[in-house]
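**Student:** Pasting the sequence and the predicted coordinates here, then a few questions.
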Amino acid sequence: MIVKADEFTRRFLLHVLPDRFVKIRHYGLLGNRCRKKKLSACRRLLFCTHQKTDKTKESWQEALLRFTGIDITKCPVCKEGTMWTIELLRPARCNGP
C-alpha cells in the first residue's frame, strides 16, 4: 500500500498515547483473567493439536551444564566435591532502587 506522507504520519500518530496514559500490554485473548480457557477455545476452533509438555523447569546451573559442559557446583581447583551456597553477601549500602 502506498500512502502520502501526511496520511502515513496521521496513521502513525494514532499509535502514540497522550501524556500520562498507560498502555495495557495484554488484553483480550492474552489477558490474565481467562487466558487458559480462551487459548484452549482458540486452539479448538482452529483445529490445532497443541501437545502439553510436562517439563520441569531446570535451574540456570543445570542449563549452563547442559549448554557448555561447565559444572559450577564443582570446586574450580580440584574439580571434586560439591559447592553449596551458604549465604549471599549483599552490599551494606546501596543507592539503587
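**Tutor:** Arrived safely, thanks for sending.
**Student:** only C-alpha atoms for contact and neighbour calcs from this point on.
**Tutor:** Fine.
**Student:** Can you identify the element that follows the lowest-mean-pLDDT helix or strand in the chain toward the C-terminus?
**Tutor:** Taking mean pLDDT, DSSP states H and E as the measure, the helix or strand of the chain with the lowest value is helix 35-45, at a mean of 87. With elements assigned by DSSP states H and E, the helix or strand that comes after helix 35-45 is helix 60-68.
**Student:** Can I get that following helix in PDB? Just the C-alpha atoms.
**Tutor:** In PDB, the C-alpha atoms belonging to helix 60-68 read as follows (Å, rounded to 0.1, in the frame of the first residue of the first chain):
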ATOM      1  CA  TRP A  60      20.300 -21.900  35.500                       C
ATOM      2  CA  GLN A  61      23.100 -24.100  36.800                       C
ATOM      3  CA  GLU A  62      21.600 -27.200  35.100                       C
ATOM      4  CA  ALA A  63      21.100 -25.200  31.800                       C
ATOM      5  CA  LEU A  64      24.800 -24.000  32.000                       C
ATOM      6  CA  LEU A  65      25.900 -27.500  32.400                       C
ATOM      7  CA  ARG A  66      23.800 -28.800  29.500                       C
ATOM      8  CA  PHE A  67      24.800 -26.000  27.100                       C
ATOM      9  CA  THR A  68      28.500 -25.500  27.900                       C
END
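**Student:** ok now it, how far from the chain's centre?
**Tutor:** Here helix 60-68 shows a centroid-to-chain-centroid distance of 18 Å under the convention Cα atoms, centre = their mean, to the nearest Å.
**Student:** shaky segments in the protein?
**Tutor:** Per-residue confidence of the chain (counting by pLDDT under 70) places the weak regions at 50, 52-54, 94-97.
**Student:** let's go with 90 and repeat that
**Tutor:** Segments of the chain classed as low confidence (criterion: pLDDT under 90) are 1, 14-62, 69-97.
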